[in-house]
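K.L.:
Generate a structure from the sequence data that follows.
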Amino acid sequence: METDIPLREIMVREVVTGDENLNVREAAKIMKKYDVDSIVVLNDGDPVGIVTQGDIIGELVSKDTTPSTVKLKDIMTTPLVTASPDDRLSDIATKMATEKIRKVPMIENGKLVGIVADVDILSVSSQMNSILEDLIEMNVERDILGTEIEGEEIGQGICEKCGSFSNDLILTDGLMVCESCKEELESEL
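P.N.:
Below is the predicted model:
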């Protein structure tokens, strides 16, 4: 099952890092150079925190603070939540949801060896997405049982004609369809 794979199979091995005494302006330049939205903060080579674009916006931009006057250690999220490359995808996904974090550095033998982001998990979780799609369909079907009125807006779910997700399904000709497919069905009549 896809959710039982070790994190080493999906982790990004090249992690952008910066010393805790680096100022935020320099850190932002590094983040831009490598096209990343976070930087793992190091103290004597050991990971001690993380700074994200959200931290920079929340702590500096929104307060009109000059980035060159603030060090990473002043705004980093710490303690750093980490995992092992041998940990399972399902476990870390649960941990990330519980801790409300989007990135988890991978530590092996005391060294930073990679990082896993929520987008990495989503990219390998097509099976999870398929299960979610089935659950959405089941919930929509349960909600409309016994209340199927032609032309009535049902809510969100998967369009039975085109297969795309829609926030506004409408029961038309016995099918739950999106607005576009409803118009197509009506024009075919």
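
K.L.:
Can you give me the pLDDT of the residue nearest the centre of the chain?
P.N.:
With distances taken as Cα atoms, centre = their mean, the residue of the chain nearest its centroid is Asp118 (3.8 Å). With respect to pLDDT, Asp118 scores 84.

K.L.:
Report the contact partners of it.
P.N.:
With contacts defined as Cβ atoms under 8 Å, 6 or more residues apart in numbering, Asp118 is in contact with Met96, Arg102, Lys103. Bear in mind the C-beta positions are built from the backbone N, C-alpha and C, glycine included.

K.L.:
Select from those residues the one having the most neighbours.
P.N.:
Ranked by neighbour count under the definition other Cβ atoms under 10 Å, those are headed by Lys103 with 22 neighbours.

K.L.:
Identify the bridge partners of it.
P.N.:
Ala117 (DSSP bridges).

K.L.:
ok, now how distant is the residue nearest to the centre of the chain from Arg102?
P.N.:
Computed as Cβ to Cβ, to the nearest Å, the Asp118 to Arg102 distance reads 5 Å.

K.L.:
shared neighbours of these two, anything?
P.N.:
With Cβ under 8 Å, 6+ apart applied, the overlap between the contact sets of Asp118 and Arg102 consists of Met96.

K.L.:
What ranges does this structure have for its helices?
P.N.:
Read by DSSP state H, the chain holds these helices, from start to end of the chain: 24-33, 53-56, 72-75, 89-99, 118-123, 126-144, 179-188.
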